[in-house]
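J.: Sequence and predicted structure below; questions after.
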Amino acid sequence: MTHSFALHIPDAELEPEHLAPEQIVSGTPEVTGKVVWESADGRQVRGVWQITPGVVTDTEADELFVVISGSATIEVEGGPTLRVRPGDMAVLREGDRTTWTVHETLRKAYAINL
């Protein structure tokens, strides 16, 4: 998008996203998302992301996000354990290796810097 905009995040229509089988620790989590803005050089991305219950691993980018709905526990290898729920803001650092235990389908708005 090239213009300013507003988006009602709870109602945003999301598209299926790939979750590599090796990332799934337990359950059958499914991921959906929508990029709503990306810088011309592709190094800044803003969007909405959702994951259903289960346990997954990831290696993070530099990200700030706000939880819109749902809840999860995010264990950062060698760092803190974050418990997030609606209204919480969290920051993950590039290279953080994380394990997400999603208790209730989690939807977040995010800003990622690559």
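T.: Ah, there it is.

J.: what are the phi and psi angles of residue 10?
T.: Per-residue torsions, residue 10: phi -60, psi -30 (degrees, to the nearest 10).

J.: for it, what are its contacts?
T.: Shown in contact with residue 10 (C-beta atoms under 8 Å, 6 or more residues apart in numbering): 68, 69, 107. C-beta here means a position set from N, CA and C on the backbone, and glycine is covered the same way.

J.: Which of these are buried, as a PyMOL select command?
T.: Here is the PyMOL command that picks out the buried ones among the contacts of residue 10, judged by 16 or more other C-beta atoms under 10 Å:
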select buried, resi 68+107
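
J.: Okay, and which of the contacts of residue 10 map to helices?
T.: When DSSP state H is applied, the contacts of residue 10 are split such that none fall in helices.

J.: Quickly name whichever of the contacts of residue 10 is closest to residue 34.
T.: Using C-beta to C-beta, residue 107 comes nearest to residue 34 of these, at 10.7 Å.

J.: how far away is that closest one from residue 22?
T.: Distance, residue 107 to residue 22, by C-beta to C-beta, to the nearest Å: 24 Å.

J.: If anything else comes up later, I'll come back, but that's it for now.
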